[in-house]
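Peer 1: no sequence on this one, just coordinates:
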């Protein structure tokens, strides 16, 4: 693995982790703006914020800890489903373009981090 690939992986992964942790905290503390967006605009129940917030924190832990490649695959898949679900939800209610920026950026970071992950973080390719 070249130095450029390692740097790309870690930059994407750290930004992804920061984005997921910050949005998880906002969801767990049920910040007013997040409650309005999720419950009122998108129509999801309030407890959904807690579930997604906890899953995001657990996913970040899974991606950052060494070993456990299968767990990492599940975390990446969960992140992918959550962000594509967020994009589709915003589409379904006809939200403004600015509402797509966060989930789309996180989706790009998910894909980049997953694609450039080191071999010891891939299933069946450990050294």
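Peer 2: Nice, I can see it. In this text, all values refer to a predicted model and were calculated from it rather than measured experimentally. Residues are numbered from 1 along each chain as shown.

Peer 1: pLDDT weak spots in this protein?
Peer 2: Counting by pLDDT under 70, the ranges of the chain that qualify are 125-127.

Peer 1: for it, which segments count as helices?
Peer 2: Listed in chain order, the helices of the chain (DSSP state H) span 3-28, 32-35, 47-64, 69-93, 101-115.

Peer 1: measure residue 117 to residue 4 for me?
Peer 2: Note on residue 117: its distance to residue 4, by Cβ to Cβ, to the nearest Å, is 14 Å. Where you see a C-beta, it was placed from the backbone N, CA and C, and this is true even at glycine.

Peer 1: so for those two, which residue has more residues nearby?
Peer 2: Set side by side, residue 117 and residue 4 show more neighbours around residue 117, with 22 against 9, by other Cβ atoms under 10 Å.

Peer 1: quick one, what contacts that one?
Peer 2: In this structure, residue 117 makes contact with 9, 13, 72, judged by Cβ atoms under 8 Å, 6 or more residues apart in numbering.

Peer 1: again with residue 74
Peer 2: residue 62.

Peer 1: start at 712 instead
Peer 2: Noted, 712 is the first residue going forward, which turns the last one into residue 785.

Peer 1: residues in contact with the nearest residue to residue 820 once chain neighbours are set aside?
Peer 2: Counting by Cβ to Cβ, 6 or more residues apart in numbering, residue 820 lies nearest to residue 727, which is 4.0 Å off, once chain neighbours are set aside. With contact taken as Cβ under 8 Å, 6+ apart, residue 727 is in contact with 774, 790, 817, 820, 821, 824.

Peer 1: good, we can wrap up now.
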